[in-house]
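>>> One predicted model, sequence on top.
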Amino acid sequence: MRRLTAPLLRCTLLLGLLLTSVSCGEPEKGKVTIMVPWSGTEFKAFYAVVKAFERDHPRIDVEPQVTRALTQQLDAAVAADAQPDLAVLPSVGAIAKYRKDKALLKLDVDTDAYVQPFRELGMDGGDVYAVPVKADVKSLIWYDARTTARPPESWTARRSGSYRWCLGLESGPTSGWPGADWIADILLSDAGAATYTAWASGDREWDKGPVKAAWTAWADLVAHTLKKAATLNFREAANSKAMKGCSLSHGALSAMPFQSSHVRNGQYTYVPSSRDALEVSADFIGRFTRNRSADEFIRYLASTEAQRTWVNEPGFALSADEKVTEYDNTTQGRIAGILRSSRYTLCFSAADAMDPDVSAAFYRAVMDYANGRKPAPLLAALDKVQKELGYSSPQSPQPPEPLCSKPTPR
């Protein structure tokens with residue numbers, strides 16, 4: 001029995017060594033962590049792009065880290081030197097902040113296919129630090145074509161009408177942003193791109209002039225629905241019983257609760273909020289580590305191939321890549337065409353271009369107003385925050401260039 005066991009043991013050891021040598025010869029799989037704020041259909045669309053990348057790159061696994069409090073969690077991770085490889089940066093103000101802190105690393109990504117104003121917003125001195133992978137047009141007025149007549153195409157005419165607006169302001173840590181976007185949109189339409197840019201740069205007072213006028217105009221528009229808006233999620237407003245009787249909604253298609261089929265068949269449709277200038281935004285992705293696999297993934301996300309996949313998944317994403325022109329949903333495709341059209345001046349979201357502390361104070365002021373506070377002290381407080389952060393004319397910080405521009409394909 002002992003004679004049989006010894007050869008068997010030697011064979012077992014030999015087999016183990018052979019298996020070990022084979023496994024040691026295989027390259028270790030790379031892993032990419034990416035922090036994202038998306039949920040629901042927006043996340044499903046992104047994850048479809050992730051799976052497409054992993055199929056083409058079988059030696060790389062992508063690990064999304066989903067959080068509603070992205071800015072706070074990313075700040076904490078960077079401070080603890082535990083940052084993800086990649087992260088969504090929801091504003092150009094955040095890009096500037098992380099670049100200034102030397103947390104954000106340069107990218108080897110070609111952005112030539114992106115139209116203005118998206119192409120250079122993530123750049124500094126010709127170097128690319130963040131890529132806009134998902135775009136939006138925020139200056140849209142939505143209505144149900146079966147029950148509501150086409151609204152007029154100016155804020156002046158809308159203010160004189162008897163419209164009831166759908167409004168939800170709740171959005172977790174960034175609650176209030178739908179109101180901030182709306183106020184910015186009115187300012188852009190009524191006062192023009194130059195005033196809008198000056199305001200975003202901190203060179204306009206909040207409690208007087210065109211900024212105060214825009215806030216007052218918004219307050220008059222939503223006076224009948226404001227009390228219920230503070231606790232109502234922005235995606236639920238158009239279909240909520242709390243907003244019963246509302247007929248118009250303001251914002252990007254991706255912020256609406258519509259089913260794809262209802263948009264495709266024209267049941268829910270839109271008019272641009274202005275004939276001249278529209279507010280747009282983007283979700284950027286930046287790199288925080290030197291992980292080579294992360295380099296490969298971010299190059300893929302910025303590619304025309306990935307962008308084409310993304311926009312035709314659920315979630316109504318738009319692409320600022322001029323080569324992405326085919327959308328399965330025709331309404332979504334028409335909105336995307338605005339990003340390539342020379343008809344409008346496109347201005348990047350003002351709140352996104354502000355110092356993150358100013359935009360956060362702006363959102364809080366919107367919520368405080370919805371909860372019954374008077375606007376005058378809120379606007380005075382915003383002036384104080386702006387001043388304390390060093391905003392003062394003529395040395396006020398300049399917003400990213402170009403904040404406003406006509407779309408200019410290369």
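Arrived safely, thanks for sending.
>>> Show me the strands in the stretch 51-200 of the chain, by range?
Along the stretch 51-200 of the chain, the stretches classed as strands by DSSP state E, counting those that start in this stretch are 60-66, 86-89, 123-124, 127-128, 130-137, 140-144.
>>> cool, the stretch 201-350 of the chain as well?
With DSSP E, counting those that start in this stretch as the criterion, the stretch 201-350 of the chain has strands spanning 248-250, 268-272, 277-287, 345-348.
>>> Domains in this protein, by residue range?
Here the domain assignment for the chain is 30-136+281-348, 139-279+354-405, based on automatic domain parsing.
>>> Could you save those domains as a markdown table and add columns showing mean neighbour count and mean pLDDT?
(C-beta placed from N, C-alpha, C; glycine too.) Formatted as a markdown table, the domains of the chain follow (neighbours: other CB atoms under 10 Å; pLDDT from 0 to 100):
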| stretch | mean neighbour count | mean pLDDT |
| --- | --- | --- |
| domain 30-136+281-348 | 19 | 94 |
| domain 139-279+354-405 | 19 | 89 |
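>>> For residue 294, see how far away the residue minimising distance to the centre of the chain is.
When CA atoms, centre = their mean is applied to the chain, the residue found nearest the centroid is residue 283 (3.7 Å). Taking CB to CB, to the nearest Å as the measure, residue 283 falls 17 Å from residue 294.
>>> how about a markdown table for the strands of the stretch 201-350 of the chain, with distance to residue 385 added?
Formatted as a markdown table, the strands of the stretch 201-350 of the chain follow (distance: least, CB to CB, whole Å):
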| stretch | distance to residue 385 |
| --- | --- |
| strand 248-250 | 25 |
| strand 268-272 | 32 |
| strand 277-287 | 22 |
| strand 345-348 | 21 |
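>>> right, and those strands - which one's nearest residue 67?
Of all the strands of the stretch 201-350 of the chain, it is strand 277-287 that lies closest to residue 67, at 13.8 Å by CB to CB.
>>> name the helices or strands packed onto the closest one?
strand 86-89, helix 92-100, strand 130-137, helix 177-191, helix 292-301, strand 345-348 (3 or more CB pairs under 8 Å, 6 or more residues apart in numbering; DSSP states H and E).
>>> In a markdown table: these, plus distance to residue 52.
Below are these laid out as a markdown table (distance: least, CB to CB, whole Å):
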| stretch | distance to residue 52 |
| --- | --- |
| strand 86-89 | 17 |
| helix 92-100 | 26 |
| strand 130-137 | 14 |
| helix 177-191 | 30 |
| helix 292-301 | 8 |
| strand 345-348 | 28 |
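>>> Quick one, which of those gets closest to residue 53.
helix 292-301 (5.0 Å).
>>> Next, the angle from that closest one to strand 277-287.
On the basis of axes from the mean of the first three to the mean of the last three CA atoms, to 10 degrees, helix 292-301 is oriented at 160 degrees to strand 277-287.
>>> which other helices and strands contact helix 292-301?
Using 3+ CB pairs under 8 Å, 6+ apart, helix 292-301 sits against strand 30-36, helix 40-56, strand 60-66, strand 86-89, strand 130-137, strand 277-287.
>>> Distance to residue 175 for these - can I get that in JSON lines?
Formatted as JSON lines, those follow (distance: least, CB to CB, whole Å):
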{"stretch": "strand 30-36", "distance to residue 175": "19"}
{"stretch": "helix 40-56", "distance to residue 175": "17"}
{"stretch": "strand 60-66", "distance to residue 175": "18"}
{"stretch": "strand 86-89", "distance to residue 175": "19"}
{"stretch": "strand 130-137", "distance to residue 175": "18"}
{"stretch": "strand 277-287", "distance to residue 175": "17"}
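>>> wait, which of these is closest to residue 238?
That would be, of these and by CB to CB, helix 40-56, which comes in at 15.5 Å.
>>> hmm, back to that, separation between the residue nearest to the centre of the chain and residue 249?
From residue 283 to residue 249 the distance is 21 Å (CB to CB).
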